[in-house]
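Asker: My questions are about this predicted structure, shown below with the sequence.
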Amino acid sequence: MKLKPLKRFIIAFAAAMLLLPFSSFPNNSNIPPYRIKTIVIDAGHGGEDGATRGAIAKEKELALQVALKLGKAIEDSMPDVKVVYTRTTDVFVPLYERVGLANRVKADLFISIHCNDMPKNYKGRSSTKGVETFVSGFHRLDEQNKAIKDIATRENESILLEKDYKDNYDGYDPNDPESMIIFSLMKNAFREQSIKLASFIQNEYVKVGRIDRGVKEKGLAVLARAGMPAVLTEIGFVCNKEEEEYMVSEYGQNEIVNCLLKAIQGYKKQLEL
């Protein structure tokens, strides 16, 4: 007597279920979950690259002070995370070496700390305030106000202190705004993650009452070629007396560090769920 197709299927399925406990499958429990293990903290500028200053402090000094405090705060509150600095003293480190270090140590995050400024001939220079965080991406010059030096152009001017900078940056010339396309078009595989981290940072700034200037994309040399989520955060304007005093103070630096730490923790928690 021939078995009907449905009956044959039921018998075959039952036999398979009986053999299932003896079958071997890959043990996915042996695959460790993704974790943020290494964070590179970059104190902007340094050494001979340190012209930006306010009335009482230099950008390179404030950036380093905040960077070192942030690193210690991460080590104290996140003992499973390794912190690597691009500099711990007042020395000049070429921009390509900063992100190169992050790539070599296989960093999971790269955070570059800077202070903002406005040109001395800018009418509202002393009243400009707020915080903004940048990710590497499409660069468009500010056509509405060409009197203000584009922030990417200003930050990338550090390249001029490097020997053979055109070789190091594929022919990029900081004096030619159109050559910014070199960094703008570099593939950024971590754009979305970088924007997410930058958004966490800006949100924490806003919580403590800082003026939000937003998350922005620019062709920044220090973020180009980063093999991980990477951001550059401007912690305040040295040309604004109130913000400069805030960044110099122990209270201000601790608050900035706490904002950055909470942002990192929030990003890490969301990513590792």
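Answerer: Yes, it's here. Residues are numbered from 1 along each chain as shown.

Asker: all helices of the stretch 51-200 of the chain, in order?
Answerer: With helices called from DSSP state H, counting those that start in this stretch, the stretch 51-200 of the chain shows them at 59-77, 95-104, 151-156, 165-168, 181-184, 191-207.

Asker: Quick one: mean pLDDT over the fifth one.
Answerer: With pLDDT averaged residue by residue, helix 181-184 scores 49.

Asker: repeat for the longest one
Answerer: Predicted confidence along helix 59-77 averages 98 (mean pLDDT).

Asker: do the same with the last one
Answerer: For helix 191-207, the per-residue pLDDT values average out at 96.

Asker: And the strands in the chain, which stretches?
Answerer: Using DSSP state E, the strands of the chain run over residues 38-43, 82-85, 109-116, 131-136, 212-218, 230-237.

Asker: Make TSV from these and add distance to Asp76 to it.
Answerer: No exception for glycine: its C-beta is placed from N, CA and C like everyone else's. Listed next are these as TSV, based on distance: least, CB to CB, whole Å:
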stretch	distance to Asp76
strand 38-43	13
strand 82-85	10
strand 109-116	17
strand 131-136	23
strand 212-218	27
strand 230-237	20
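
Asker: and of the ones you listed, who's closest to Gly252?
Answerer: Between Gly252 and those, the shortest gap by CB to CB is with strand 230-237, which sits at 8.0 Å.

Asker: Packing partners of that closest one?
Answerer: The elements that strand 230-237 packs onto, with contact taken as 3 or more CB pairs under 8 Å, 6 or more residues apart in numbering; DSSP states H and E, are helix 59-77, strand 109-116, strand 131-136, helix 191-207, helix 241-248, helix 250-272.

Asker: and Ala224, which of those is closest to it?
Answerer: Nearest of the helices and strands packed on strand 230-237 (CB to CB): strand 131-136, 5.8 Å.

Asker: Any stretches of the stretch 151-273 of the chain with poor pLDDT?
Answerer: Counting by pLDDT under 70, the low-confidence segments of the stretch 151-273 of the chain come to 151-188.

Asker: Same check on the stretch 1-150 of the chain?
Answerer: In the stretch 1-150 of the chain, residues with pLDDT under 70: 1-32, 138-150.

Asker: quick one, what contacts His45?
Answerer: Listed by CB atoms under 8 Å, 6 or more residues apart in numbering, the contact set of His45 reads 52, 59-60, 63, 92, 114, 158.

Asker: what's the spacing between it and Ile111?
Answerer: Per CB to CB, to the nearest Å, His45 is found 15 Å from Ile111.

Asker: cool, Ala55 as well?
Answerer: According to CB to CB, Ala55 and Ile111 sit 27 Å apart.

Asker: the more surrounded of those two?
Answerer: Remark: of Ala55 and Ile111, Ile111 carries more neighbours, 26 against 11, as counted by other CB atoms under 10 Å.

Asker: Report how many residues lie close to the residue lying closest to Gly227 once chain neighbours are set aside.
Answerer: Once flanking residues are discounted, Gly227 sits nearest to Asn103: 4.7 Å by CB to CB, 6 or more residues apart in numbering. By other CB under 10 Å, the residues close to Asn103 number 14.

Asker: swap in Ala107?
Answerer: 25.

Asker: From what I see, it and Met228 are in contact.
Answerer: Yes: under the criterion of CB atoms under 8 Å, Ala107 makes contact with Met228 at 5.2 Å.

Asker: just to revisit the earlier point, ok, so of the contacts of His45, who is nearest Ser194?
Answerer: Among the contacts of His45, and counting by CB to CB, the member closest to Ser194 is His114, at 15.8 Å.

Asker: Pretty sure that closest one sits against Gly236.
Answerer: No: look at His114 against Gly236 with CB under 8 Å: they stay out of range, at 9.7 Å.

Asker: Return the set of buried residues in stretch 64-82.
Answerer: 64-71, 73-74, 78, 81-82 (16 or more other CB atoms under 10 Å).
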